[in-house]
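Participant: Sequence and predicted structure below; questions after.
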Amino acid sequence: MTTPSPMPPEYYELLDEIQAIDFVIVELNLYLDTHPQDYDAIQQFNNSTFQSKKLKKEFEKQFGPLMHFGRSYSTYPWQWDDQPWPWQV
Amino acid sequence: MSHTNTKYYYPYISPYDPCNPIVKKSYPTPPQLYLGFQPPNLPQFETAKEALYSGTLWPILYDKYKKHD
Amino acid sequence: MWYYEKKLQYPVKVRECNPRLAKYLIEQYGGADGELSAALRYLNQRYTIPSKVVGLLNDIGTEEFAHLEMIATMIYKLTKDATPEMLKEAGLAPHYVNHDSALFYHNSAGNPWTAEYIQAKGDPIADIYEDIAAEEKARATYQWIINVSDDPELNDSLKFLREREIVHSQRFREAAEILKDERDKKIIF
């Protein structure tokens, strides 16, 4: 066993983009919980969700699964428990 | 009168107070105290990254915090 | 059912190995107004509150777990590889002899987390007002931690968490209006 090599700059860049779009989704989600009739916000929520899914597909191709329990695919061998974990990067 | 979210008060200062008195005390009253039920279609930060780094999607709810030493 | 996503909600960067800051941050990990208390408080209230506000409690409660993970990351990074001597100097010797550098759900004074921190009255108004107060108290705690921290990169993440308390407070205030059922009257133009 050796120390895993540090993540490349592209990891941080792509992660940052995902964090940004997912943050917009969280904000719209909480807003819609108290404003269920806001049509524009629902549209923006759906567009942002589409964007997020696209970015995550790209991220996972390069850096492995973001989610477990069948929300992401795995190559061989099982990738889920690969380092780094979010608190390590 | 212009509105500010920082409010002030002046506590009584005793001649026997041991610490150097802070004459004017301040406290924040952040924007959620004034907004009421958020109206639809308020302006948003231009980009998702700007929203993330501000901690909110809406500038009206953004409250800059300056560290006090 | 919950799913885990292998990412933080917001980047956590720490400039220097500084266990003293970890001692302060523990307050938001296992303290009364910390993120664990918040998550458990809201998720627990979901079962006995009118359905119009269940979604909000569910979602804010879930977001609080992401904040708990950010706080844990800060503590982890601030103490990772710190020597026993450094921990001692930071006032963390009592923590060290019991837990090494393991995280533990207690506050910065070392009191273990207790269910007494999370209120559940079963009265929707009492519970939502409790939640608004909890958000304001957590916001204040972040202010005091930022004031005693001199790590600008850490403070950036703490300011994000402080702003989230503001947004949550805003949503809970709206939930209180929804519970009063006055909302439709107010938004007629």
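Facilitator: Nice, thanks for sending it over.
Participant: Show me what counts as buried in the longest helix along chain C.
Facilitator: Among the segments of chain C that qualify as a helix by DSSP state H, the longest is helix C:152-180. Buried residues in helix C:152-180, counted by 16 or more other CB atoms under 10 Å in any protein chain shown: C:154-155, C:157-176, C:178-179. Just so you know, the C-beta spots here come from the backbone N, C-alpha and C atoms, and that holds for glycine as well.
Participant: Would that helix count as contacting chain A?
Facilitator: Yes. Helix C:152-180 lies within reach of chain A by CB under 8 Å from any CB of the partner chain, at C:Val167, C:His168, C:Arg171, C:Glu174, C:Ala175, C:Ile178.
Participant: Next, format the residues you listed as TSV and append distance to C:Ile132 and pLDDT.
Facilitator: Listed next are the residues of helix C:152-180 next to chain A as TSV, based on distance: CB to CB, whole Å; pLDDT from 0 to 100:
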residue	distance to C:Ile132	pLDDT
C:Val167	12	98
C:His168	9	98
C:Arg171	10	98
C:Glu174	10	98
C:Ala175	9	98
C:Ile178	13	97
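Participant: nearest to C:His99, of these?
Facilitator: Closest to C:His99 out of the residues of helix C:152-180 next to chain A is C:His168 (30.2 Å), distances taken as CB to CB.
Participant: so the closest one makes contact with C:Ile60?
Facilitator: Yes. Taking CB atoms under 8 Å as the definition, C:His168 is a contact partner of C:Ile60 at 5.3 Å.
Participant: which residues do those two both contact?
Facilitator: Jointly contacting C:His168 and C:Ile60 under the rule CB atoms under 8 Å, 6 or more residues apart in numbering or on different chains are A:Leu30.
Participant: At the contact with chain B, which residues of chain A appear?
Facilitator: Proximity of chain A to chain B is confined to A:16-17, A:19-21, A:23-24, A:27-28, A:31, A:34-35, A:38, A:40-41, A:48 under the rule CB under 8 Å from any CB.
Participant: ugh, typo on my part, it should be chain C
Facilitator: Residues of chain C lying close to chain B (CB under 8 Å from any CB) are C:10, C:139, C:143, C:146-147, C:149, C:155, C:159-164, C:166-167, C:169-170, C:173-174, C:177, C:183, C:186-187.
Participant: how about a cut-off of 7 Å?
Facilitator: Counting by CB under 7 Å from any CB of the partner chain, the residues of chain C close to chain B are C:10, C:143, C:146-147, C:155, C:159-160, C:162-164, C:166-167, C:169-170, C:173-174, C:177, C:183, C:186-187.
Participant: So what would you say the end-to-end distance of stretch A:73-89 is?
Facilitator: End-to-end distance for stretch A:73-89: 22 Å, by CA to CA, to the nearest Å.
Participant: Which residues does that stretch contact?
Facilitator: A:Pro4, A:Met7, A:Gly64, A:Pro65, A:His68, C:Lys6, C:Lys7, C:Leu8, C:Glu69, C:Ala72, C:Thr73, C:Tyr76 (CB atoms under 7 Å, 6 or more residues apart in numbering or on different chains).
Participant: Fine, thanks again, bye for now.
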